[in-house]
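Undergrad: Okay, here's the prediction I keep looking at, along with the sequence it came from:
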Amino acid sequence: MSKSLPLPLNTAKPSAEPAPRTRGQMGRRTATLSRWLHIYLSMVSFALLLFFAVTGLTLNHTDWFAAQMRTSQVRGQVPTAWVKSEQPAKLEIVEHLRKNHGIKTGLSEFRTDDNQLGIAFKGPGYSADVVLDRATGKYDVTETRMGLAAVMNDLHKGRDTGPAWSLFLDVSAGLMAGVSFTGLVLMWFLQRKRMAGFVTMATGALACYLVYVIWVP
């Protein structure tokens with residue numbers, strides 16, 4: 001009976017570690033992520049871009065909307081006990097004005113003089129100025145409504161809009177910066193259009209600079 005041959009030893013080398021990602025793979029992943037971010041950031045901020053574009057135009061031509069301004073004056077009176085003491089009843093006076101004259105904007109000033117109080121309420125496109133006689137408790141309210149365009153302009157500038165809207169403006173700026181940045185990244189990966197795209201961008205930036213240097217006083 002013939003002897004059985006010995007089994008061959010397993011000389012195969014252990015499997016190598018996975019190859020690290022190449023620069024090309026990383027580039028494709030970056031381009032894909034940038035494209036995804038650019039699309040969805042653009043969709044989220046589309047209304048914001050439109051709003052700031054329109055209000056940029058209205059801010060540049062405020063004279064077009066001067067006829068929208070409306071001013072009215074009303075009178076009233078508060079109990080003299082609220083105003084004759086050294087420290088006027090600020091809370092009661094402000095709530096009285098809000099309740100009786102439909103004022104909903106924020107209080108921006110409460111000035112105390114010997115003979116009268118000066119109270120101001122400010123909001124987007126709106127102001128209410130109150131002069132109150134401390135001897136009699138009588139007051140005059142001058143209310144100014146400047147129209148829809150003025151409301152939009154103040155929202156654009158964040159004037160008299162409160163902390164919540166201020167935060168919203170910061171978030172909006174971040175979104176639009178994200179749209180711009182991801183657009184630049186995408187342009188970098190479009191090899192056939194990269195040079196033309198960056199030349200166009202540089203031309204636009206140069207045009208802005210030249211307008212500022214040559215025509216802005």
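TA: Yep, that arrived.

Undergrad: buried set for the helix or strand bottoming out on mean pLDDT in the chain?
TA: Sorting the helices and strands of the chain by mean pLDDT, DSSP states H and E puts helix 23-44 at the bottom, at a mean of 84. Using 16 or more other C-beta atoms under 10 Å as the test for burial, helix 23-44 gives 34, 37, 38, 41, 42. Bear in mind the C-beta positions are built from the backbone N, C-alpha and C, glycine included.

Undergrad: out of those residues, who's nearest residue 133?
TA: Proximity of the buried residues of helix 23-44 to residue 133 was ranked by C-beta to C-beta; the top entry is residue 41 with 55.5 Å.

Undergrad: From residue 171, how far off is the closest one?
TA: 12 Å (C-beta to C-beta, to the nearest Å).

Undergrad: Equivalent analysis for residue 91, please.
TA: Taking C-beta to C-beta, one finds residue 91 at 33 Å from residue 171.

Undergrad: so who does residue 71 touch?
TA: The contact partners of residue 71, taken as C-beta atoms under 8 Å, 6 or more residues apart in numbering, are 142, 143, 144, 145.

Undergrad: For the least confident helix or strand of the chain, enumerate the helices and strands it packs against.
TA: Using 3 or more C-beta pairs under 8 Å, 6 or more residues apart in numbering; DSSP states H and E, the elements in contact with helix 23-44 are helix 162-189.

Undergrad: Can you name every helix or strand that the helix it packs on contacts?
TA: By 3+ C-beta pairs under 8 Å, 6+ apart, helix 162-189 packs against helix 23-44, helix 46-60, helix 191-215.

Undergrad: between the shortest one and helix 23-44, how many degrees?
TA: Relative orientation of helix 46-60 versus helix 23-44 (axes from the mean of the first three to the mean of the last three C-alpha atoms, to 10 degrees): 60 degrees.

Undergrad: Export helix 46-60 to PDB, keeping only CA atoms.
TA: Output of helix 46-60 as PDB, limited to C-alpha atoms (Å, rounded to 0.1, in the frame of the first residue of the first chain):
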ATOM      1  CA  PHE A  46     -34.400  80.600  -1.200                       C
ATOM      2  CA  ALA A  47     -37.000  82.800   0.500                       C
ATOM      3  CA  LEU A  48     -34.300  84.500   2.500                       C
ATOM      4  CA  LEU A  49     -32.300  85.400  -0.600                       C
ATOM      5  CA  LEU A  50     -35.400  86.700  -2.300                       C
ATOM      6  CA  PHE A  51     -36.400  88.800   0.800                       C
ATOM      7  CA  PHE A  52     -32.900  90.400   1.100                       C
ATOM      8  CA  ALA A  53     -32.700  91.000  -2.600                       C
ATOM      9  CA  VAL A  54     -36.100  92.900  -2.600                       C
ATOM     10  CA  THR A  55     -35.400  94.800   0.600                       C
ATOM     11  CA  GLY A  56     -32.000  95.800  -0.700                       C
ATOM     12  CA  LEU A  57     -33.800  97.500  -3.600                       C
ATOM     13  CA  THR A  58     -36.400  99.200  -1.300                       C
ATOM     14  CA  LEU A  59     -33.700 100.400   1.100                       C
ATOM     15  CA  ASN A  60     -31.900 102.000  -1.800                       C
END
